[in-house]
Structures are given as C-alpha cells and as structure tokens.
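Participant: Pasting a predicted model and its sequence here:
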Amino acid sequence: MQPKALLIALLLVCAWNWIRGIDGDVGEFLIGVGSYDMTGPAAHVNMMGYGNLDQNSAGIHFRLRARTFIVAHQNQGPRFVFVNLDACMASQLITIKVLERLKSRFGNLYTQENVAISGIHSHAGPGGYLQYLLYSATSLGFVRQSFDVIVNAIEQSIIQAHNNVKPGSIFINKGEVKDAGINRSPSAYLLNPAEERARYSSNVDTEMTLLKFVDASTGKSVGMFNWFATHGTSMSRNNKLISGDNKGAASRLFEDWFASSSSSSNTNSTSPPDIEKLVEKAKTIKATGGKACEKQSSQASKVRKKEGDLFVGAFCQSNVGDVTPNVLGAFCIDSGQPCDFNRSSCHGNDQLCVGRGPGYPDEILSTKIIGERQFKTAVDLFTSASEKLSGDIDYRHVYLNFTNIEVKLEGNKVVKTCPAAVGAGFAAGTTDGPGVFGFQQGDTEINPLWKNLRDVLKMQPSQYQVECQKPKPVLMSAGEMFDPYAWAPAILPIQILRLGKLIILSVPGEFTTMSGRRLREAVLETLISNGNGEFNNETHVVIAGLTNTYSQYIATFEEYEQQRYEAASTLYGPHTLSAYIQEFKKLAQAMAKGEGITGPGPSPPDLSSVQISLLPGPLGDSIPDKTRFGDIKEDRALPGRGYFTKGERVSATFWSGNPRNDLLTEGTFSAVERLEGERWISVYDDDDLSLFFKWKLDSSSFHLNGLATIEWEIPNDVVSGVYRLRHFGSSKETIVSATQYFTGASSAFAVVRQ
Ligand code: ZN
C-alpha cells in the first residue's frame, strides 16, 4: 500500500471509530438519563429531617430535582433504574405508588426488583410524604402536595430516561473528597475493635465513586452519578428555604459547569461597558405593575437547557450515618468551647452544642463550600475517567420483616432483631440539629418526667421489647404502636444492583461509617467466594443510602453500646447490622451463583387510605386595596453610584399569592432578566444559587397579605448590562376559586462587572 493510501485508510478508520463512539466500540450498554423538577410547597409546610415544628418552608433557595439513569444490556438484556431524589430520604409509599404507575405504563419492565429510588438526605425539603407516623408527626401528618410532586417527578424522569435509552459506554472512577465530612459521633466510633479501626486511616469514608455515561453515537457525555457519604445538614434546623443542601448544590454546579464547558457561545464581551449609557438606559424603565399572564412553565427550563442536549449530574448519598458536613467541629454556643466529647452537650444541656460548617455562621456559604468540594472531586474524576465498565447487569431484591429476624452470629449463637424503637438519645438530636431539652446523646436511662409522660400517653414498651432493645432505653416503642396507624416500618426492602464490576447496595437507612464498611466487605467476600472467578478484588461495592424506604440508622453492635443518636435511632435492636449483613449475603450468594431468591418476601403495607392530614390548605389570597397581584411593594434600592456590581445584593418585594396555589413545576417564581436590544431575556431563575425567592404573609396587616421577595446576589461572572427582577405567581380568591396567574417586574438597574 502506498503511504498516501495508508494515511487515508488510517484516517477513515479513525473517523469510523469516532462515529461509532470513543474507543471505537458501539457501546457496551444501553443508557438513558432523565431529570424532572420535584420542588414541593414553598410555604407553611414543615421541612423533613430535623423534626423541628418551627421549621416551615418560606421560599426557595434552589429547586429540587429527581435525576434518573437507566442501564440495560444490548438487545433486551436485563436493565435497572436508579433515581436520585433531592429529598431527605426515600419513602415506602412513594416507592409503592411509583411502581404502580410504572406497571400501568411499562408492564413488567420496571418492578420493585430493578428500580432503586434514593434520597440525598437534604434537610431542607418539604415533608409529609412518608407513611409512617413517626416521620410525619411534625408535618401534622400527610401532605398531599409534597407527596404528589415527588411521585410525579420520579415518574417523569424515568419516562424521559426510558425514552432516550441509546447505546453508550460507562466509565468508572474513584477518588478522595477532602474536608467534606467529619465523624459527629467519634466516641461511638472508638468503641469498634482497635484492630478493625487500624485498617482505616480515617473515622469517615472519604472515597467518591463516580460513573460517567457517554453516548456511543455522538461521543458526548450524557450523565454523571456519584456516591459519597456526608449529611445534608449544611443548612440548619432554622432554615426556611427549600434547598438541596450540599449535594443539591453540587449537582447544580456540575450541570452548569458541564453546560458552560461544552458551550461554544461566548457571552462575555471583551470591550468595557459604557457605564453611563447603561445607567441612563436603566433609568428610563420603570417597574411593571402586576398583570395577568399565562401560566409560565418554560422559563426555568429555557435557561437551564439553553446549551442544548440534556445532561444529568447527580450526587448520591452513601453510608452517611455518623458523617457531618459541619467540618469545623461542634462548639458550645454560650462559651465557644468544644462540647463534651462523649455526650455532645454543654454542661449537661444538649441544645447548646452545635456543629459549624466551613462558612460558619453563614449556612448558605457552608452549603456552597461543601457542595463545591464534592463538585471539584467529581469534575476531576469525570474528566480523567478512563476505565470502561463491561460485564453483566443484574439485580436481586427482597422484602424482610425486620421485627424478628433470626440472626446466626459467629459460634452459632442465634439472636433476634426487635420491633422498631427509638431510645432516649434519639430525642437529644445531634450536633447538626439539637433535639429536645432534657435529653443527651448517650443516655442509657430516660429522665422520670419523660418516662411518666410516655406512660400517661400509653406509649410504654412491652417487657419483651425492653429486654430485646437493651442497652437502649426505649423512649418510644414505635414498632408496637399502631394507633391510628403504624408509627414505624416493620417490613424493609434490601436490594443489590450490579453494573459490571460495580455493585450497588440499596439500603433503607443511614449506615454509620463502620457499619457500611462491614456490609460492603461481607458482600464482596460472598460474591468472590461463590462466583467462579467472576468477582474478584477489583469488584467495587458502594452503598446507596436512604433507598426505597426509610428506617433511620444502622450502628454497629459496639456503637450501639454507647447509645448516641445513631445508636438510639437504630430501630431493630443491637443486632440490626448483623441482620442486614446476613440477609445481604443471601442476595449476594444468589447473584454470584446466578440463582433466584426463595421469594419476594412480605409486602410492605400501603397506608395511603388511612393517612391523617391536619395541615390546612391555603384559604385564598388577599392583597391591599387598589393593588394587583404582582405589584411592587418595595422596589429595588439603587446604591449612590447609580449601578450595582458583583457581590452586591439586589432585592424587590411584590404583593403575591400563596406558592402552594401552584408549585410552578419546571417553572420559576423568580427571575433575573437582562435587556438585549428591546427584549428582556431570562438569565437567572429559581434554580440558580445566586437567586433567592422568599415568601411570607405580611403580619403588619390584619388581612395577612402575601409578600414575595426576590433577592439576587450578583455573581462574579455576571455580564454587564441593564437588568430587572421579575416575579411569577398565582393567586386564588377563595379555596374554590380558579387559579389566576400573574407577573410583575422591578424597575430596571444597571450592573457593571468590574
Ligand atoms: Zn441523618
């Protein structure tokens, strides 16, 4: 062959390989990704996580999303779905309802076996979507709107992922995340055997495991999912704004980074702006009074998807039990001294000991910093990922009644799990969010006042339960309480998903660091010893925390002795972890041997028909006489120099309707618009970390008129120009009236990037 012909042939091969996808194959797997808005009611709904009656939603920092990937083998092979929710945790009732919808839409393609729904553990989302009473008490029972928006978002994101399933490749990478978590119960961790602890360099897991999804036909990345353990408690128990906390922020940063790095357009003009011209132009544009409009639903997604193709980036939770993002440590708020090491209290008071995030005392900043630390590791792992996954897709799932599992310990001693119960340390809360006065972490007795109260309320545990749960002092025997319906779960799902060498363990709770390590190790050993060489030390196991349902914490047997918060919240007694390990080993063995399991196990109850909802709905909106919804109450204030610059905060307040009238799903309540020629274009919205939507009732008037404040913290990369703040909302005159949509805008203002 002549050199020239050889060159042409080589070029042709290269081009062909490029067309077929990177590394020259057609993609080992079929891959689909999806994403959908699941932001719940932004007013008057108790937030899930801290159990704080006073923490009710009053606006949005940024919107919450359900993010999904589907993987399948080529040619109708096995497939599974993984959904990551910007929610505190998965919910049994949500899982049940989603599976029902998937069945009616897709038949038997997606079932309990191969669908995993996982929560990121943000403590800043609206609650009331779990069916067991212990988890809906502070939200005054079931909140239909919180529930429906999540079910719908999961379904929509799965449909989207299903519809865009295409051949592709999956890359795996692992790396360390620095300073995004510390152990919040180090004294309990120290109770684990010294030789076991000696095998690890830290009392938290710092590894992030990342998957990168690449479309075979275009060679373009379509998604990134990773697992890393740290609590979603950067936002405090006093926060009122809906937020995905540090993991939600990391997703926002990653998706925006991907969009901007793959974008060819360059909006930054190189010539310096004519400041005077901008200021003069802005002066001519007054606030727009409130006016009726069509329901806007594309505003947010327009901004977000401006770069074209869908890309989904998700930060998933792992064995998070004892890991806090408040990495500066816990201090007494009165003295500034470190808290008591064993009890996390300050001279006996649990309420004074509070953990500090890296942005302390600014929790929004802490959220961003912990989000950025995960985001940066993810970018490194994503850009350097070179190990391609291959091999089988497989899954095993079983439901277990955790109230009485017989567990065979070493030496053939048989013990049992117990009905669910929480101990006194549960009421003490944690350094991320102190609980009730009169309790401390590590309590092995209940103070007489609370004991009497418990007994008056007829909540005393059975003698069997008292013995079974020892040394936990049973504060509330939730597993023995069924009035008016079950207070805690008895039946829990466990699941193993396999994607080549990656093994994902879906666990329905928060494993502590050491619990997670023991479970991963037990599963890996079982796979290797039963798998005919198919599994080896390269097989990589991750824990997907808070998945499919929720049952609080899982501490080790040794940690359980100390009865700190995590142990006091380990529902099924001292052998809870041993039961998980035993049952996961059965699933792992079945998977390794290519066998089925003996049965699906008992079905969890659907308690939807008996849920109690005591939270009243919005009663109808009012505004002062001679105003319209969307009218400005307080226009933006201009600084003396006549324009704003980066780092400054602009805000405007509008007469508004209750955001519960319409959640504006896939839309936005707030927007920042920039004047381009004679047109206003939306450049920031509810999804942006720089834009805040705050809602409240104006308590200064008898009528309790609704007020929406839009606040914009001008980001460093802002483009100089003429801007305004815009509000979208809806109103209802009375409960039965039709919903009306409205909008309003502030006066224009100049922004100069200096
Ligand atoms: Zn937690």
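Facilitator: Sure, I can see it.
Participant: From here on, just use CA atoms for contacts and neighbour counts.
Facilitator: Noted.
Participant: For the lengthiest helix in the chain, name the packing helices and strands.
Facilitator: Longest helix in the chain, counting residues (DSSP state H): helix 363-384. Judged by 3 or more CA pairs under 8 Å, 6 or more residues apart in numbering; DSSP states H and E, the packing partners of helix 363-384 are strand 166-176, strand 207-215, helix 245-261.
Participant: buried set for the last one?
Facilitator: Residues of helix 245-261 classed as buried under the neighbour-count rule (16 or more other CA atoms under 10 Å) are 245-256, 258-259.
Participant: With distance to Asn447 as new columns, can the residues you listed be given to me in TSV?
Facilitator: Below are the buried residues of helix 245-261 laid out as TSV (distance: CA to CA, whole Å):
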residue	distance to Asn447
Asp245	35
Asn246	36
Lys247	37
Gly248	39
Ala249	41
Ala250	42
Ser251	44
Arg252	45
Leu253	46
Phe254	48
Glu255	50
Asp256	51
Phe258	54
Ala259	55
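Participant: what about the stretch 151-300 of the chain, any weak spots by pLDDT?
Facilitator: Within the stretch 151-300 of the chain, the segments meeting pLDDT under 70 span 263-270, 297-300.
Participant: All the helices of it, residue numbers only.
Facilitator: Secondary structure of the stretch 151-300 of the chain by DSSP state H, counting those that start in this stretch: the helices cover 186-189, 194-197, 245-261, 275-283, 299-304.
Participant: what's next to the fourth one, contact-wise?
Facilitator: Outside of helix 275-283, the residues that reach it under the criterion CA atoms under 8 Å, 6 or more residues apart in numbering are Gly642, Tyr643, Gly721, Val722, Tyr723, Ser747, Ala748, Phe749, Ala750, Val751, Val752.
Participant: cutoff 7 Å now
Facilitator: The contact list for helix 275-283 (CA atoms under 7 Å, 6 or more residues apart in numbering) reads Gly642, Tyr643, Gly721, Val722, Ala748, Phe749, Ala750, Val752.
Participant: do the same with the longest one
Facilitator: In this structure, residues lying in contact with helix 245-261 by CA under 7 Å, 6+ apart are 86, 120, 122, 124, 232-235, 307, 311-315, 367-368, 370-372, 374-375.
Participant: now stretch 64-77, how far from the centre of its chain.
Facilitator: Its chain's average C-alpha position is 19 Å from that of stretch 64-77, according to CA atoms, centre = their mean, to the nearest Å.
Participant: count of residues packed around Gly438?
Facilitator: Number of residues near Gly438 (other CA atoms under 10 Å) recorded here: 16.
Participant: Leu492 too?
Facilitator: Neighbours of Leu492 (other CA under 10 Å): 23.
Participant: Could I get the contacting residues of it?
Facilitator: Residues near Leu492 by CA under 7 Å, 6+ apart: Tyr399, Leu400, Asn401, Phe402, Pro508.
Participant: ok, what's across the strand from the third one?
Facilitator: What it means is Asn401. Ile491 (DSSP bridges).
Participant: Kindly report the same for the one 5 residues further on.
Facilitator: Beta-bridge pairing for Glu406 (DSSP bridges): Lys416.
Participant: distance between stretch 708-728 and the chain's centre?
Facilitator: 26 Å.
Participant: likewise stretch 532-549?
Facilitator: Distance of stretch 532-549 from its chain centroid, counting by CA atoms, centre = their mean, is 21 Å.
Participant: for it, how far is the first residue from the last?
Facilitator: Using CA to CA, to the nearest Å, one end of stretch 532-549 lies 33 Å from the other.
Participant: And for that stretch, what's in contact with it?
Facilitator: With CA under 7 Å, 6+ apart as the test, stretch 532-549 has contacts from 89-92, 95, 116-119, 317-319, 493, 501-510, 520, 524, 527-528.
Participant: Repeat that for stretch 106-117.
Facilitator: 80-84, 90, 99, 102-103, 395-397, 506, 547-548.
Participant: Could you report the neighbour count for the spatially closest residue to Gly642 that is not a sequence neighbour?
Facilitator: Leaving aside its chain neighbours, Gly642 sits nearest to Val279 (6.6 Å; criterion: CA to CA, 6 or more residues apart in numbering). Val279 has 21 neighbours, counted by other CA under 10 Å.
Participant: again with Gln440
Facilitator: When neighbours are counted by other CA under 10 Å, Gln440 registers 30.
Participant: thought it was touching Ala428?
Facilitator: Yes: contact criterion CA atoms under 7 Å: Gln440 and Ala428 qualify, at 4.9 Å.
Participant: which neighbours do those two share?
Facilitator: With contacts defined as CA under 7 Å, 6+ apart, the residues adjacent to both Gln440 and Ala428 are Asp350.
Participant: Can you give me the domain boundaries for the chain?
Facilitator: Per the record's domain assignment (automatic domain parsing), the chain is made up of the domains 23-262+306-402+487-598, 616-752.
Participant: Dump those into CSV; add distance to Asp432 as well.
Facilitator: Output for those, formatted as CSV (distance: least, CA to CA, whole Å):
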stretch, distance to Asp432
domain 23-262+306-402+487-598, 6
domain 616-752, 22
